[in-house]
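Colleague: could you work out the structure for the sequence below:
(one chain, ligands or ions: 2)
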Amino acid sequence: MKTEQTPTVKRLVDYRPPNFTISTVELDFVLDESKAIVTNRMQVSRAGRHNEPLVLDGEGLTLVSLAIDGQPLPAERFQCSDTTLTISSLPECFEVTVVTEIDPKANTSLEGLYLSEGSYCTQCEAEGFRKITYYLDRPDVLAVFTTRIEADEKCSYLLSNGNKTEEGRLPDGRHYASWHDPHPKPCYLFALVAGEFDLLCDSYRTTEGRDVALQLFVDKGNKPRGEFALAALKRSMAWDEQRFGLAYDLDIYMVVAVDFFNMGAMENKGLNVFNSKYVLAEPQSATDTDYHNIEAVIGHEYFHNWTGNRVTCRDWFQLSLKEGLTVFRDQEFSADMGSPAVNRLQNVRVIQTQQFAEDAGPMAHPIRPAQVIEMNNFYTVTVYNKGSEVIRMIHTLLGEASFRKGMDLYFQRHDGQAVTCDDFVLAMEDASGIDLTTFRRWYSQSGTPEVTVTDSYDEVRECYTLNCTQVTPTTADQTEKAPQHIPLAIALYADNGEELPLNDQVGELQHSVLDFKQTAQTFEFFGIKQKPTPALLVNFSAPVKLHFDYTEADLAFLVKHASDAYVKWSALQSLLSEAIFAAEQKGLDSLVLSDVIIAACEALIKTTQLDEAIVAEILSVPSVATLIEQRSFSDISRLAMLRDSAVRCLGERLSEVISARLATLRPGPYQYAAKDVAQRSLSGVLISYLAAGAPTHLPDIVERFNRVDNMTEKLALLAAANHWQLSCKERLLSSYEAAWKHDPLVMDKWLSIQALSPADGAISTIRRLFDYEVFSFSNPNRVRALVGTFAASNPYQFHRIDGEGYKLLTEVVIKLNKLNPQVAARIITPLTQWKKMDVTRQGLMKGCLQEVLALPELSKDLFEIVDKSLAQ
Ligand code: TRP
Ligand code: ZN
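Modeller: Numbering: from 1, shown residues only. Ligands and ions are numbered 1, 2, ... in the order given. Now for the predicted structure:
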């Protein structure tokens, strides 16, 4: 390793308040594709008594001119480096005018000011504003922004944050618009968009009586596909008023959908920019999952207006302050709009599969990381999703009423400020009177606690005892671990399936949640007449792994009798996983599921007592990713075969029952409504079982594919045909291609299906698709659909023992190192998880990582991840 190249690590403990503050910023953009001139005039004040120089951040900027209080600055008064502009000998208060030139067209990183399909747009979070102008690019510097944009009239819409104050025509076919945002904000919330769009308009009256104009900008011709997102926005606004008493605070709310975007969407004040994937939907082109995600992301960005924008982060280590809380809010919103149980299971799956894997891997970090090289690498499932679980635990410990009081106090104290996670917890503590001292460890400690529970029953005392111990295994970033405050929700069931009241020595407990805070703790329950079956971690009350020595009969009992969907789901998942692991241990390539499991599944398929969507979730055989997360070391190809064998076994043994149930699932014309979504999801699962184990029982797939009126069912059929290699697969693929080849966003699903092909030849197909007209390495959605999906979800072909899968990913990562480092650093993740694999694969994977590490001009993004992975 060449040390002079090692990027610097930033640490939370080194946080210092800013030396200078900025009260107002006036930005003036003169836009041209390869040359944009940015004039930035800001009012700056020294903070505190010191003689430090002003150090502004800037990257990739060409400095045109610099003036203080209107006077050009002599060269000896300032210094430029690759990343800073330093100005010395400054008065207490002064005006800086800095003019820079940038090249939007050459910007393929999609950070700063760039072009997306001919439209200008910006992405400033986390540290992209410094690619636009010199500034104090940190979230604790809040200023009032005024923006003037001048561009060719071909860019008919010129947009920025806040309210439009002026617009007009200019000579030479150009025009301009000015915007003013009265709310002081950090620069990461700045946005500019200039381009040609179709516009959908609506309005919303807030509880405070403010009329808000809602504007949704989409690519020309896409108007009908924007209606659902706009309606979802109105639902979000109403929900936040109802649930949290939070209303919108400007007269206009704009959302722009763009095709080139690194993430899902961005909550810029009054001007959200969205990946078009999370805006555009029609029944023919979008699945139920797409609809669900659109509603969730629209909600997420809207909810940021209070949790993120009105109250923002002091520094980027506090990212979970806004993201964990906002994910919690969007999950609650989705639950209220649809099925709480189904949403919960889907969110739990993300934690157990992806977040637990992150904890066990080289990038392990607490929800409030302590050190960072590249901030973009910390927009993770840990910060977002585990962050949300931490908020959810606070909600569980406090209850809805006190939680709401805590939120109110948080806004009362901190509106307009840049604060820390500790400020949030303190507001919750002060509002509720509940002690969160030990609980705070969730913010600083990484890793997944493992809880082991044993039980005993004393007939004479009628006392049932749960003995709980917890240990958090060492993670890549931390060796010392302390016990966590784990809210452990439980239920006890009698043999007849009835839930028993929980009594301690004094009387009936108010709460079925145990406060488990020590390494070892015992909980006793009285008045128990016979040994019960315990349901543990009800509703997944904490992001931990739970071990209890259940028998097969106990688990089948819980699948049948537990009232909580998570407990049912988790019980069947354990039955299936255990069957797979048992066969793996014996070195088998296929398995036969026990009669107990078959009977449990049969009962689920037949039941009419449960929502079909919940049944579909419970019946889904764990993915290879979920399975591998539970093992410290495995032969992934064997695991993949056994997983498929389990599905095949269910299809074979239950073909009659499945066919009968399938016949009852007949949703009418497409509607995105909970009841219909549920039917479609169960029908998708059942069809895949038949495709796996009883293809002769399948309905005519081609006929059905041509008949159904919606993408959800079409894609389920295509996925089943692809994974189980039905002979109709090619026909379905061509028919899809013929219908959508001019629509890249819709073709992403087609690319993903081929990326998931378990068949030999998948890799050469992918290579051929690189040259296909819809594909482009510069579009992150295309890269994720084809390469991301392949690496993360095709265990057979990505993990080929000849290393061809790893080689493919490595080539793409190398290509993206310069083109788009953020995307490169994300799609490489599966390679960094080499520790879980057998030695042969470990060697191949490490070889690929070494090749990346040796690259000249390796990005900070990739360096941080690859270096950590190899250091393990
Ligand atoms: N704040 C955004 C969100 O969660 C995340 C985001 C959007 C982002 N674009 C980004 C993060 C680019 C890093 C880089 O809603
Ligand atoms: Zn967010």
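
Colleague: wait, is D240 part of a helix?
Modeller: Yes: counting by DSSP: H, G, I helix; E, B strand; the rest coil, D240 is part of a helix.

Colleague: for ligand 2, see how far away it is.
Modeller: Using CB to the ion, to the nearest Å, one gets 14 Å for the distance from D240 to ligand 2. Just so you know, the C-beta spots here come from the backbone N, C-alpha and C atoms, and that holds for glycine as well.

Colleague: then E450?
Modeller: E450 is 30 Å from ligand 2, where distance means CB to the ion.

Colleague: ok, now which ones touch that residue?
Modeller: The neighbours of E450, taking CB atoms under 8 Å, 6 or more residues apart in numbering as the test, are Q470, V471, T472, P473, V544, K545, H547.

Colleague: where does the second one land on pLDDT?
Modeller: It stands for V471. Looking at V471, its pLDDT is 98.

Colleague: tell me what it is bridged to.
Modeller: Listed by DSSP bridges, the beta-bridge partners for V471 are E450.

Colleague: going forward, the N-terminal residue is numbered 44.
Modeller: Noted, 44 is the first residue going forward, which turns the last one into V514.

Colleague: need phi/psi at S770.
Modeller: phi -70, psi -20 (degrees, to the nearest 10).

Colleague: any idea of the pLDDT on it?
Modeller: What the model reports as pLDDT for S770 is 97.

Colleague: which parts of this protein sit against ligand 1?
Modeller: Proximity of the chain to ligand 1 is confined to 166, 168-169, 305-306, 308-310, 343-344, 366, 419, 422 under the rule CB under 6 Å from any ligand atom.

Colleague: may I see the residues you listed organised as JSON lines, with secondary structure added?
Modeller: Shown next, in JSON lines, are the residues of the chain next to ligand 1 (three-state DSSP):
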{"residue": "Q166", "secondary structure": "strand"}
{"residue": "E168", "secondary structure": "coil"}
{"residue": "A169", "secondary structure": "coil"}
{"residue": "N305", "secondary structure": "coil"}
{"residue": "M306", "secondary structure": "coil"}
{"residue": "A308", "secondary structure": "strand"}
{"residue": "M309", "secondary structure": "strand"}
{"residue": "E310", "secondary structure": "coil"}
{"residue": "H343", "secondary structure": "helix"}
{"residue": "E344", "secondary structure": "helix"}
{"residue": "E366", "secondary structure": "helix"}
{"residue": "N419", "secondary structure": "helix"}
{"residue": "Y422", "secondary structure": "coil"}
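
Colleague: isn't F833 right up against Q840?
Modeller: Yes: here F833 reaches Q840: they are 7.0 Å apart, a contact under CB atoms under 8 Å.

Colleague: list the residues that contact both of these two?
Modeller: Common neighbours of F833 and Q840 (criterion: CB under 8 Å, 6+ apart): A805, G848.

Colleague: on contacts alone, who are the packing partners of the helix or strand encompassing V639?
Modeller: With elements taken from DSSP states H and E, the one containing V639 is helix 638-649. On a contact count with 3 or more CB pairs under 8 Å, 6 or more residues apart in numbering; DSSP states H and E, helix 638-649 meets helix 595-604, helix 608-628, helix 655-662, helix 679-696, helix 698-707.

Colleague: quick one: low-confidence parts of the chain?
Modeller: For the chain, the stretches with pLDDT under 70 are 44-48.

Colleague: which residue does it have closest to ligand 1?
Modeller: Per CB to the nearest ligand atom, M306 is where the chain lies closest to ligand 1, at 3.6 Å.

Colleague: what about that residue, how many neighbours?
Modeller: Counted with other CB atoms under 10 Å, the neighbours of M306 add up to 19.

Colleague: also H528?
Modeller: H528 has 19 neighbours, counted by other CB under 10 Å.

Colleague: flag every buried residue along stretch 513-525.
Modeller: Across stretch 513-525, burial judged by 16 or more other CB atoms under 10 Å covers Q513, T515, T518, A519, D520, Q521, K524.

Colleague: should've said stretch 69-80
Modeller: E69, L70, D71, F72, V73, L74, A79, I80.

Colleague: ok, now stretch 402-415?
Modeller: Of the residues in stretch 402-415, those with enough neighbours to count as buried (16+ other CB under 10 Å) are 402-413, 415.

Colleague: next helix or strand past the lengthiest helix in the chain?
Modeller: Looking across the chain with DSSP state H, the single longest helix is helix 430-457. Downstream of helix 430-457, the next assigned helix or strand under DSSP H and E is strand 461-462.

Colleague: K524 versus A308, what's the distance?
Modeller: Taking CB to CB, to the nearest Å as the measure, A308 falls 35 Å from K524.

Colleague: find the nearest non-adjacent residue to Y732, please.
Modeller: Nearest non-adjacent residue to Y732, counting by CB to CB, 6 or more residues apart in numbering: G694, 4.0 Å away.

Colleague: sorry, back to before: how about the helices and strands packed on helix 638-649 in JSON lines, adding mean neighbour count?
Modeller: Converted to JSON lines, these look like this (neighbours: other CB atoms under 10 Å):
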{"stretch": "helix 595-604", "mean neighbour count": "19"}
{"stretch": "helix 608-628", "mean neighbour count": "21"}
{"stretch": "helix 655-662", "mean neighbour count": "24"}
{"stretch": "helix 679-696", "mean neighbour count": "21"}
{"stretch": "helix 698-707", "mean neighbour count": "16"}
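
Colleague: who has more neighbours, F833 and Q840?
Modeller: Per other CB under 10 Å, whichever of F833 and Q840 has more neighbours is F833, with 26 against 23.

Colleague: just to revisit the earlier point, packing partners of the longest helix of the chain?
Modeller: Helix 430-457 sits against helix 362-380, helix 464-475, helix 484-487, strand 529-536, strand 556-559, with contacts defined as 3+ CB pairs under 8 Å, 6+ apart.
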